[in-house]
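Chemist: 3D, please:
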Amino acid sequence: MAAATPRAAGKTPGGTPGKPGIARIISASLIGTTIEWYDFFLYGSAAALVFNTLFFPDSDPLVGTLLSFLTYAVGFAARPLGGVVFGHFGDKVGRKKLLVLSLMLMGGATFAMGLLPTHATLGVGAPILLTLLRLIQGFALGGEWGGAVLIVSEHGDDKNRGFWASWPQAGAPGGNLLATGVLALLAAVQSDEAFLAWGWRIPFLLSGVLVIIGLWIRVSVSESPLFLEAQARAEAAAASEAASAASGSAAAAPGTAAKQDAPVIEVFRHNWRGVLTAIGTRLGENVSYYILTAFVLVYVTVHLELPKSTALNAVLIGSAVHFVTIPLWGALSDRIGRRPVTLIGSVGMAVWAFAFFALVDSESFTVITLAVTVGLLFHGAMYGPQAAFISEMFDTRVRYSGASMGSQLASIIGGALAPIIAVELLKDFGSATPVAVYVCVTVLVTTFTVLVAKETRGRSLAERGTVSTGANRATSATIGS
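Modeler: Numbering: from 1, shown residues only. Just a heads-up that it's a prediction; the model follows:
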């Protein structure tokens, strides 16, 4: 029968993933996202530590850092475009193919950064090339997140989706841990002069090796079974319509693929509430993360004039704890709900934003590490359930587009601007208090969004409509409302 339901290897008749199958999917997704975030965060760390000197040498330290973070923000600006393009084709041809492509693009751009001439060699052409490569990074990452969390969510079961889907989320601190660790190691074994001269290139060139490993693992996974089911139904509907047309029947088959909008249009036309909910949910999480991991490097090294190793090692330790606890927060969301766990993080971060800078101002490595670690624990409570929460807002046929667009639009107003706004506030006021207020306001936006959103825990992804026409579109329009 044309609409027969395909099942991935290792699936039980009820659709519950067997341990070997889900373990392979999670491993491939986690390793791939870790590598992509390593590439993306490596730029952020380098922007805070060396790019202001290497690519913007004619400016004072804070202005040079601001210009460096502007090129950093360009990567975020490209992420929604990546979300649109990858989301469209991911909903049309599958999650797996687009995940392989995103990894290749990200790795290639990062490796090329390690070969770039600096301003001293190429002049203004150096920051221009750096910006172009940053655009490619952002475009690739814009397509990565949606595919990585969906391929796990759509293989996993409804009961444990928060836990399974939180593992790709752990790729963010995993990548940051790897990037910060490599930079901290180089800073420890090299002089500042050697690091500025050539040492900074090593982490970027290392990306080439990591991408080869990631591709080898990622190409071995199976396609999402829910996507394959939706694809089979769409093909069956198209075949039925073609048969009706051939027989001269005036009645069109319900839910025909030919009358469906492009996924991104469908999302904004019928699932805009889900997109807005995703943006609001991510805003405070996104801002707080980049303050805790990127801006803190600037604050400690430029404002407090402490060694680079102090900030790098604090973020390194905090990221290790973050990596371990994100799946625990995801598992907790399977027990008590996505909303309560997210609210623990957002309310906690609203308070901690002020304690954070007070502790960092102590200039004690131990206290700074405590400040970063506790902040990342609150962030993890927002971030851990997020993959399942956002995935459960959209239909299968538009899930890649919807999840990607909601997530990546938040990244522009959140992560892209956070370090820039924070550096500008520090430059204008000479104090971190306005930065703490900024973080507090954004996490309160997230708190409000989650309070008015509907709980999605236990919602079946398989039951969501895959062909949004007629009455089915009306159902689609309520998702995320």
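Chemist: Tell me the pLDDT of residue 188.
Modeler: pLDDT recorded at residue 188 is 80.
Chemist: got the contact list for it?
Modeler: residue 309 (Cβ atoms under 8 Å, 6 or more residues apart in numbering). For the C-beta atoms, the positions are set from N, CA and C on the backbone; glycine is no exception.
Chemist: what's the answer for residue 223, then?
Modeler: 8, 94-96, 151.
Chemist: so residue 288 makes contact with residue 443?
Modeler: Yes: the pair residue 288 and residue 443 qualifies as a contact (Cβ atoms under 8 Å) at a distance of 6.0 Å.
Chemist: Got the phi and psi for residue 454?
Modeler: For residue 454, the backbone dihedrals (degrees, to the nearest 10) come out as phi -90, psi 150.
Chemist: Is residue 404 in contact with residue 87, as I believe?
Modeler: Yes: under the criterion of Cβ under 8 Å, residue 404 makes contact with residue 87 at 4.1 Å.
Chemist: For the residue nearest to the spatial centre of the chain, give me its contacts.
Modeler: For the chain, residue 145 is the residue whose C-alpha lies nearest the centre (Cα atoms, centre = their mean; 4.7 Å). By Cβ under 8 Å, 6+ apart, the contact list for residue 145 reads 33, 168, 403-404, 407-408.
Chemist: Which of the residues you listed are buried? Put it as a ChimeraX command.
Modeler: Entered in ChimeraX, the line below selects the buried ones among the contacts of residue 145, by 16 or more other Cβ atoms under 10 Å:
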select :33,168,403,404,407,408
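Chemist: pLDDT for the contacts of residue 145 - can I get that in TSV?
Modeler: As requested, the contacts of residue 145 are exported to TSV (pLDDT from 0 to 100):
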residue	pLDDT
33	84
168	89
403	83
404	82
407	82
408	82
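Chemist: Poorly predicted segments of this protein, please.
Modeler: For the chain, the stretches with pLDDT under 70 are 1-20, 48, 58-69, 72, 248-261, 463-481.
Chemist: List the buried residues for stretch 424-431?
Modeler: 424-426.
Chemist: Return that stretch as PDB; C-alpha atoms alone will do.
Modeler: The C-alpha trace of stretch 424-431 is given here as PDB (Å, rounded to 0.1, in the frame of the first residue of the first chain):
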ATOM      1  CA  GLU A 424      28.500  49.100  25.200                       C
ATOM      2  CA  LEU A 425      26.800  49.300  28.600                       C
ATOM      3  CA  LEU A 426      30.100  48.600  30.400                       C
ATOM      4  CA  LYS A 427      31.800  51.200  28.200                       C
ATOM      5  CA  ASP A 428      29.200  53.800  28.900                       C
ATOM      6  CA  PHE A 429      28.600  53.200  32.600                       C
ATOM      7  CA  GLY A 430      31.800  51.600  33.800                       C
ATOM      8  CA  SER A 431      29.800  49.200  35.800                       C
END
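Chemist: Residue 391 contacts residue 461, doesn't it?
Modeler: Yes: counting by Cβ under 8 Å, residue 391 does reach residue 461; the two are 6.9 Å apart.
Chemist: Now do the helices in the stretch 151-300 of the chain.
Modeler: Secondary structure of the stretch 151-300 of the chain by DSSP state H, counting those that start in this stretch: the helices cover 161-169, 171-189, 192-194, 201-218, 225-246, 263-270, 272-290, 296-298.
Chemist: so what's residue 201 up against?
Modeler: 114-115.
Chemist: scratch that, residue 204
Modeler: Here residue 204 is in contact with 42, 46, 110-111, 113-114 (Cβ under 8 Å, 6+ apart).
Chemist: which residue sits closest to it in space, ignoring its chain neighbours?
Modeler: The shortest distance from residue 204 to any non-neighbouring residue, by Cβ to Cβ, 6 or more residues apart in numbering, is to residue 114 (3.1 Å).
Chemist: same question, residue 416
Modeler: Counting by Cβ to Cβ, 6+ apart, the residue nearest residue 416 is residue 76, at 3.0 Å.
Chemist: Surely the one you found is in a helix?
Modeler: Yes: Residue 76: assigned to a helix according to DSSP: H, G, I helix; E, B strand; the rest coil.
Chemist: Name the residues of stretch 208-227 that are buried.
Modeler: Buried-residue list, stretch 208-227, by 16+ other Cβ under 10 Å: 210-211, 214-215, 217-218, 221-227.
Chemist: before we move on, which element is the nearest residue to residue 211 once chain neighbours are set aside in?
Modeler: Counting by Cβ to Cβ, 6+ apart, residue 211 lies nearest to residue 107, which is 3.0 Å off, once chain neighbours are set aside. Assigned by DSSP states H and E, residue 107 belongs to helix 95-113.
Chemist: Can you name the next helix or strand after that helix?
Modeler: Downstream of helix 95-113 (by DSSP H and E), the next one is helix 119-122.
Chemist: quick revisit: would TSV of the buried residues of stretch 424-431 with secondary structure and distance to residue 273 be doable?
Modeler: Formatted as TSV, these follow (DSSP: H, G, I helix; E, B strand; the rest coil; distance: Cβ to Cβ, whole Å):
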residue	secondary structure	distance to residue 273
424	helix	33
425	helix	32
426	helix	36
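Chemist: Residue 168 contacts residue 152, doesn't it?
Modeler: Yes: between residue 168 and residue 152 there is a contact at 5.8 Å, judged by Cβ under 8 Å.
Chemist: tell me, what's touching those two both at once?
Modeler: With Cβ under 8 Å, 6+ apart, residue 168 and residue 152 have common neighbours 26, 29, 387.
Chemist: Can you give me the neighbour number for the second one?
Modeler: Read it as residue 29. 32 (other Cβ atoms under 10 Å).
Chemist: Now do the helix or strand where it lies: distance to the chain's middle.
Modeler: Using DSSP H and E, residue 29 sits within helix 19-46. Helix 19-46 sits 10 Å away from the centroid of its parent chain (Cα atoms, centre = their mean, to the nearest Å).
Chemist: just the shared contacts of residue 168 and residue 152 now: which is nearest residue 158?
Modeler: residue 387 (14.1 Å; Cβ to Cβ).
Chemist: Can you report how many residues lie near the closest one?
Modeler: 31.
Chemist: Now do the contacts for it.
Modeler: Contacts of residue 387 by Cβ under 8 Å, 6+ apart are 149, 152-153, 165-166, 168-169, 330.
Chemist: Go again with 10 Å.
Modeler: 29, 145-146, 148-150, 152-153, 161-162, 164-169, 326, 330, 333, 338, 403, 407 (Cβ atoms under 10 Å, 6 or more residues apart in numbering).
Chemist: One more: residue 203?
Modeler: Contacts of residue 203 (Cβ under 10 Å, 6+ apart): 38-39, 42-43, 45-46, 110, 113-114, 178-183, 185-186.
Chemist: hmm, which of these are the buried ones?
Modeler: 38-39, 42-43, 45-46, 110, 113-114, 178-183, 186.
Chemist: And those, which is closest to residue 262?
Modeler: residue 39 (29.2 Å).
Chemist: related to what we said a few turns ago, how about the helices of the stretch 151-300 of the chain in a markdown table, adding distance to residue 365?
Modeler: Conversion of the helices of the stretch 151-300 of the chain to a markdown table gives the following (distance: least, Cβ to Cβ, whole Å):
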| stretch | distance to residue 365 |
| --- | --- |
| helix 161-169 | 28 |
| helix 171-189 | 13 |
| helix 192-194 | 19 |
| helix 201-218 | 23 |
| helix 225-246 | 47 |
| helix 263-270 | 46 |
| helix 272-290 | 21 |
| helix 296-298 | 13 |
